[in-house]
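A.B. asks: model this:
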Amino acid sequence: MGYKEVYAGWKADPEAFWMQAADGIDWDRAPSRALDDSAAPLYEWYTDAQVNTCWNAVDRHVAAGHGDQAAILYESPVTGASSTTTFAELQDQCARLAGALAARGVGVGDRVVIYMPMVPEALVAMLACARIGAIHSVVFGGFAANELAVRLDDATPKAVIAGSCGIEPNRVVPYKPLLDEAIEIAAHKPDFCVIFQRDQSPAMLVEGRDVEWHAAQEGVSPAECVPVAGNHPAYILYTSGTTGAPKGVVRPTAGHLVALNWSMKNIYGVDPGEVFWAASDVGWVVGHSYICYAPLIHRNTTVVFEGKPVGTPDAGTFWRVMAKHKVAAFFTAPTALRAAKREDPKGDWIREFDLSALRTVFLAGERADPDTIEWLQDNLQKPIIDHWWQTETGWTIVGNPVGIETLPVKLGSPTVPMPGYDVQVLNDAGEPLAAGELGALAVKLPLPPGTLPTLWNAEDRFRKSYLDTFPGYYETGDAGYVDEDGYVFIMARTDDVINVAGHRLSTGAMEEVLAGHRDVAECAVIGAGDALKGQVPVGFLCLNSGVNRAAEEVVAECVARVRDQIGPVAAFKQAVVVDRLPKTRSGKILRGTMVAIADGKPWKMPATIDDPAILDEIRDALQKLGYAEVG
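C.D. replies: Model prediction:
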């Protein structure tokens, strides 16, 4: 069957579709039904099942005779390390670490925060938690102490598993001091911390609280897999850029297993035993879904890569790793490939390597610009597939299902909705719009298996954030349209979230940090277009009256505040002091107009603006920063 037949089959009988997909999973107790709609509009899947994620990702492959197959290929150009972990070795490592956690009182439902660099042990930590029914929450390694503390207080973990440091191309980032500071700040204190020591920066251990990775496992019995209920949370993942109340996306165990297993063949087109590489980080949802879980569940070999697309050591690093390991499918963010393109515009590095095993490149995380896609197509002569999904969904909303049928690519579109997703374009009243009309992108409920059923400890916020705006629909927060062929086009965010190198960051969160500076009376942050990162934040600061310091000093302190409280991932480097901010008469800051000016795009004077002259001042300020050069 082709895409249209598969999608129509799902739509005609979703229950049968997802029960059939469930056959790909090993169950301790098989589900009697797929959808549980007893608490609609809060839906759950496979609630009466019993299952274990680690068994499905590791142990069952060993039991089936695939213990010698490579599970994890580790490549670390920043350290020179390279290693292979088989499924049998991974089983042993997971069982031992799970036993160490269990021996210290971690059990079903307990939370464990993981704060690790891109090393195989990060996946071991995630799977060890799943093995004993603990709920992990991975926080991006190197996140600022304040951000980590917020997550500690929300998840209230019994334990933290952390690396002593992370390695950047030109520096070592000690993680342990950040962890120590976060625990000091947080109201909640973990019972203990397991520290994976790295030679580049061994950490000082706190007596009575910290235990070294290997020492923790000495004399401890390996743990067996513990079955959990189908709706038991596998993990909590906090969306990035949160400085206020955190938004912890909950991922239910059974639906997660079914959806990810289905996606590997049908969306990504890979067979068990092949090598799949998602060049992301375990701190982000791509790292959860497509570095750790989906490949291993489907018995693919996964690549753990500690490096950058350029500079570690050169713009050929992606292609070098693909050639070495015969990668069949590669998944990354457009930002990473824009960086490679900037260093290698003619694609010379691509032609240095034998990429005959590579069949498809997948892009996600931000809007894929046509220039980058065309550069890849011209130089790779392989299909370049954009697709769209979110932290909240955990897997593809709109994509090109190459395992079912490779559909024609339309530049600017991630193609068509996947089975499970009834994507609609709605106006402000929640009414469906015709083909080609721009509106809010929403998904008709219920969402498919693997998607979030709620937010951690925040059901009311979940309803308000996703369900209340359009009753009967999940609000994606993105705007776009569907063309006459059913192709979906994602055009913009509908809120104040900007996309910096594939990382969704809240400008409101940055404003909150800036407003905390003693000299700042008012501020605004916008996302300005950037050729490499997609968007970068630009800050506008209105100072308190009576401040007589140099504006440059205040700007430098504000930049440092954002780096300290949100982290380097925000890429906040530019701010300017202005006298006033453009607002409507009701006091709403005209951020959209400011973005248009910054990007040199046509814009109209807002009818509700309080003082049109302010926009001239904003343009002048942006020009000083190198923006607003067109139009």
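A.B. asks: In the longest helix seen in the chain, which residues are buried?
C.D. replies: The longest helix of the chain (DSSP state H) is helix 87-103. By neighbour count with 16 or more other Cβ atoms under 10 Å, helix 87-103 contains the buried residues 87-102. C-betas here are computed from N, CA, C, even on glycine.
A.B. asks: any idea how far it is from the chain center?
C.D. replies: Helix 87-103 has its average C-alpha position 26 Å from the chain's average C-alpha position, going by Cα atoms, centre = their mean, to the nearest Å.
A.B. asks: swap in stretch 446-453?
C.D. replies: That offset, for stretch 446-453, works out to 17 Å (Cα atoms, centre = their mean).
A.B. asks: Other residues contacting that stretch?
C.D. replies: 18, 21, 34-35, 37, 40-46, 231, 249-252, 254-256, 258-260, 392-395, 419-421, 462, 474 (Cβ atoms under 8 Å, 6 or more residues apart in numbering).
A.B. asks: do that again at 6 Å, thanks
C.D. replies: 18, 43-45, 249-250, 252, 255-256, 258-259, 392-395, 420, 474 (Cβ atoms under 6 Å, 6 or more residues apart in numbering).
A.B. asks: on that earlier part again, in its sheet, which strands sit next to the following helix or strand past the longest helix of the chain, and in what direction?
C.D. replies: Once helix 87-103 ends, the next helix or strand along the chain (criterion: DSSP states H and E) is strand 111-115. Counting by DSSP bridges, the strands paired with strand 111-115 are strand 135-138 (parallel), strand 159-163 (parallel).
A.B. asks: looking only at pLDDT, what's the mean for stretch 127-136?
C.D. replies: Stretch 127-136 carries an average pLDDT of 98.
A.B. asks: Distance from it to the middle of the chain?
C.D. replies: How far stretch 127-136 lies from its chain's middle: 20 Å, per Cα atoms, centre = their mean.
A.B. asks: So which residues make contact with that stretch?
C.D. replies: 53-54, 94, 97-98, 102, 106, 108, 110-112, 114, 126, 223, 225-226, 228, 233, 235.
A.B. asks: Just say helix, strand or coil for residue 318.
C.D. replies: helix (DSSP: H, G, I helix; E, B strand; the rest coil).
A.B. asks: And it, how far from residue 337?
C.D. replies: 8 Å (Cβ to Cβ, to the nearest Å).
A.B. asks: Pick out whichever of these two has more residues nearby.
C.D. replies: Using other Cβ atoms under 10 Å as the criterion, residue 318 and residue 337 rank with residue 318 on top: 26 against 23.
A.B. asks: The more buried one: what's it in contact with?
C.D. replies: residue 309.
A.B. asks: What of the one 4 residues further on?
C.D. replies: Shown here is residue 322, whose contacts under the criterion Cβ under 6 Å, 6+ apart are 355, 358.
A.B. asks: Which helix or strand contains it?
C.D. replies: Here residue 322 is assigned to helix 317-325, by DSSP H and E.
A.B. asks: then that helix to PDB, C-alphas only?
C.D. replies: Taking C-alpha atoms only, helix 317-325 is exported to PDB below (Å, rounded to 0.1, in the frame of the first residue of the first chain):
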ATOM      1  CA  THR A 317      33.300  15.200  10.100                       C
ATOM      2  CA  PHE A 318      29.700  14.200   9.400                       C
ATOM      3  CA  TRP A 319      30.500  12.500   6.100                       C
ATOM      4  CA  ARG A 320      33.600  10.800   7.700                       C
ATOM      5  CA  VAL A 321      31.500   9.200  10.400                       C
ATOM      6  CA  MET A 322      28.800   8.100   7.900                       C
ATOM      7  CA  ALA A 323      31.400   6.500   5.600                       C
ATOM      8  CA  LYS A 324      33.200   4.700   8.500                       C
ATOM      9  CA  HIS A 325      30.000   3.200   9.900                       C
END
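A.B. asks: Could I get the buried residue list for that helix?
C.D. replies: 317-323, 325.
A.B. asks: Kindly report the same for stretch 326-337.
C.D. replies: 327-337.
A.B. asks: Phi and psi next, for the closest residue to residue 97 other than its chain neighbours.
C.D. replies: Excluding its sequence neighbours, the residue lying closest to residue 97 (Cβ to Cβ, 6 or more residues apart in numbering) is residue 128, at 3.9 Å. Per-residue torsions, residue 128: phi -60, psi -40 (degrees, to the nearest 10).
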